[in-house]
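Colleague: pasting the sequence and the predicted coordinates here, then a few questions.
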Amino acid sequence: MNIHPRPGRLRRNHVGGSETAQAAVSGSEGVNGMKVKNTIAATSFAAAGLAALAVAVSPPAAAGDLVGPGCAEYAAANPTGPASVQGMSQDPVAVAASNNPELTTLTAALSGQLNPQVNLVDTLNSGQYTVFAPTNAAFSKLPASTIDELKTNSSLLTSILTYHVVAGQTSPANVVGTRQTLQGASVTVTGQGNSLKVGNADVVCGGVSTANATVYMIDSVLMPPA
């Protein structure tokens with residue numbers, strides 16, 4: 001199944017001397033012609049994100065700490081610019097994801113383009129997180145009926161997205177183990193080196209630092225327990 005989202009551009013704005021990120025919509029079309037509201041939906045995730053600010057975090061992973069069989073290929077395809085590993089390290093995580101060509105579907109899901117009632121950009125950019133980021137190929141594994149449901153089922157989409165986020169940044173050297181997600185349920189990371197797994201998903205490339213998060217690109221969408 002092919003999904004062709006039209007990712008919203010995310011930009012950084014200076015407000016009162018501090019840098020924040022928000023979704024900037026190009027035109028009014030979203031996924032499959034849906035209109036996108038340039039607003040942040042009020043969800044339970046926002047409260048969880050604020051609580052996460054108080055969590056002690058580990059330092060972001062250095063470029064040399066990247067793990068996963070897809071890292072070399074990604075770095076070669078994106079050697080410079082905002083999509084490069086170095087470029088992503090300069091931006092908040094939602095902005096960095098929007099610049100990553102492997103994460104356009106995830107960007108659509110978290111920025112209100114897939115479902116106008118679910119926009120988590122500001123929350124993701126305001127805390128310290130570890131993000132297990134499904135690639136475009138991961139989303140393509142989902143049935144078309146699931147994608148259609150997520151366009152209108154805000155609580156389900158929010159639950160799935162927050163199930164991919166853990167409070168605090170965790171480097172590859174420390175990521176193995178069971179961790180509680182912002183959704184409430186836990187995920188378990190196993191393996192070592194270039195063979196890490198998050199649940200049943202393989203890490204394609206992990207330990208990618210952004211300005212406020214450590215990202216692990218994974219090859220399957222994680223589904224929270226019922």
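Modeller: The structure has been received and is ready for your questions.

Colleague: how about the helices in the chain?
Modeller: 44-52, 71-77, 85-88, 93-99, 104-110, 121-126, 136-140, 144-150, 154-162 (DSSP state H).

Colleague: can you tell me which of those helices the model trusts least?
Modeller: For those, the weakest mean pLDDT is recorded on helix 44-52, namely a mean of 41.

Colleague: nearest to Pro172, of the helices of the chain?
Modeller: With distances scored as CB to CB, the stretch of these nearest to Pro172 is helix 71-77 (10.6 Å). Bear in mind the C-beta positions are built from the backbone N, C-alpha and C, glycine included.

Colleague: now the closest one: buried residues?
Modeller: Residues of helix 71-77 classed as buried: 71, 74 (neighbour count, 16 or more other CB atoms under 10 Å).

Colleague: which helices and strands sit right next to that helix?
Modeller: Helix 71-77 is packed against strand 201-209, with contacts defined by 3 or more CB pairs under 8 Å, 6 or more residues apart in numbering; DSSP states H and E.

Colleague: mind doing that once more with 6 Å?
Modeller: Helix 71-77 sits against no helix or strand, with contacts defined as 3 or more CB pairs under 6 Å, 6 or more residues apart in numbering; DSSP states H and E.

Colleague: report the distance from that helix to the chain centre.
Modeller: How far helix 71-77 lies from its chain's middle: 19 Å, per CA atoms, centre = their mean, to the nearest Å.

Colleague: identify the residues contacting it?
Modeller: By CB atoms under 6 Å, 6 or more residues apart in numbering, the residues outside helix 71-77 that reach it are 85, 205.

Colleague: repeat the analysis, applying 10 Å as the threshold.
Modeller: Outside helix 71-77, the residues within contact range by CB atoms under 10 Å, 6 or more residues apart in numbering are 63, 66, 68, 70, 83-86, 100-102, 135, 194, 203-208, 217.

Colleague: what of stretch 173-180?
Modeller: Outside stretch 173-180, the residues touching it (CB under 10 Å, 6+ apart) are 58, 61, 65, 67, 130, 132, 166-170, 186-192, 196-198, 203, 206-207, 214, 216.

Colleague: please redo it, this time with the cut-off set to 6 Å
Modeller: 166, 186, 188-189.

Colleague: give the buried residues for it.
Modeller: Result for stretch 173-180 [16+ other CB under 10 Å]: buried residues 175, 179.

Colleague: quick check: mean pLDDT across it?
Modeller: Rounded mean pLDDT across stretch 173-180 is 97.

Colleague: measure stretch 213-226 end to end?
Modeller: Chord length of stretch 213-226, first to last residue, is 27 Å (CA to CA, to the nearest Å).

Colleague: for it, give me every contacting residue.
Modeller: 60-61, 93, 129-135, 138, 142, 159, 163-164, 169, 183, 185, 198-199, 201-206, 208.
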